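> okay, structure incoming, though there's no sequence with it:
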């Protein structure tokens, strides 16, 4: 059905697909649509199968017969493809950072190859109650959100008691990191924003 390598439909194919879909949703047979619209049954079939280009007047009569506003017919035509990056749960790229070998896991939830990235989202998992944690300092602004567990988090000279649902946003150049794990395992969503660099 697609006419080019990027899987876009040409206009006749798109119209045919949408008209047929709307007719079937209304529970109408070709013969009923032909009778109501004044368009031959053969012509309705050719339009649905993209075997013919139709005039706007014919298309308008056809749309009226199947209760499809002509403005709605073109709603999804030429919609941008998108191209979001999707990561399944637990499938993030595992990243080695300070503390990784001692009860920490860092999963980068999305990444792109080449070019400059404006942010990095991590899921950080911590499971060792006795660990002494290093502090971090890096460019950007960081947002952390506690998904589960409890901890005391340091930013500069301030300590924050955090539990599930709590969040913190801060300048990442200032030394920061977990000070004390109070209830493990801890899952922490960390998003580092580099857009001001």
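Perfect, thanks for sending it. Nothing here was measured: the structure is a model prediction, and the numbers come from that model. Numbers count the residues shown, from 1 in each chain.
> other SSEs contacting whichever strand or helix holds residue 72?
Using DSSP states H and E, residue 72 falls within helix 70-73. The contact analysis (3 or more Cβ pairs under 8 Å, 6 or more residues apart in numbering; DSSP states H and E) places helix 70-73 against helix 11-25, helix 56-65. In short, each C-beta sits where N, CA and C put it, glycine included.
> got those helices as JSON lines, with distance to residue 143 and mean pLDDT columns?
Formatted as JSON lines, those follow (distance: least, Cβ to Cβ, whole Å; pLDDT from 0 to 100):
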{"stretch": "helix 11-25", "distance to residue 143": "41", "mean pLDDT": "89"}
{"stretch": "helix 56-65", "distance to residue 143": "48", "mean pLDDT": "91"}
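> make JSON lines from those and add distance to residue 144 to it.
Shown next, in JSON lines, are the helices and strands packed on helix 70-73 (distance: least, Cβ to Cβ, whole Å):
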{"stretch": "helix 11-25", "distance to residue 144": "45"}
{"stretch": "helix 56-65", "distance to residue 144": "52"}
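> output those as a markdown table; include the columns mean neighbour count and distance to residue 133.
What follows is the helices and strands packed on helix 70-73, written out as a markdown table (neighbours: other Cβ atoms under 10 Å; distance: least, Cβ to Cβ, whole Å):
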| stretch | mean neighbour count | distance to residue 133 |
| --- | --- | --- |
| helix 11-25 | 17 | 56 |
| helix 56-65 | 16 | 64 |
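> out of those, which gets nearest to residue 50?
With Cβ to Cβ as the criterion, residue 50 lies closest to helix 11-25 of those, at 4.1 Å.
> low-confidence regions, this structure specifically.
1-9, 78-104, 107, 109-116, 129-132, 196-197 (pLDDT under 70).
> domains for it, by residue range?
11-73, 93-193 (automatic domain parsing).
> just the endpoints, please. Distance across the shortest one?
End-to-end distance for domain 11-73, by Cα to Cα, to the nearest Å: 11 Å.
> any idea which element residue 35 lies in?
helix 30-37.
> mind listing what's buried in that helix?
For helix 30-37, the neighbour count (16 or more other Cβ atoms under 10 Å) marks 32, 33, 34, 37 as buried.
> can you give me the strands for this protein?
Counting by DSSP state E, the chain has strands at residues 93-95, 104-108, 119-126, 141-155, 158-163, 167-171, 176-193.
> mind listing what the residue lying closest to residue 170 once chain neighbours are set aside touches?
Spatial nearest neighbour of residue 170, excluding adjacent residues (Cβ to Cβ, 6 or more residues apart in numbering): residue 155 at 4.8 Å. Shown in contact with residue 155 (Cβ atoms under 8 Å, 6 or more residues apart in numbering): 168, 170, 174, 175, 176.
> buried subset of those residues?
Buried positions within the contacts of residue 155, assessed by neighbour count (16+ other Cβ under 10 Å), are 168, 170, 176.
> let me have the residues you listed in TSV, adding distance to residue 59 as columns.
Shown next, in TSV, are the buried ones among the contacts of residue 155 (distance: Cβ to Cβ, whole Å):
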residue	distance to residue 59
168	56
170	57
176	61
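> and the closest residue in space to residue 105 that isn't next to it in sequence, how many neighbours?
Once flanking residues are discounted, residue 105 sits nearest to residue 125: 4.3 Å by Cβ to Cβ, 6+ apart. Residue 125 is flanked by 18 other residues according to other Cβ atoms under 10 Å.
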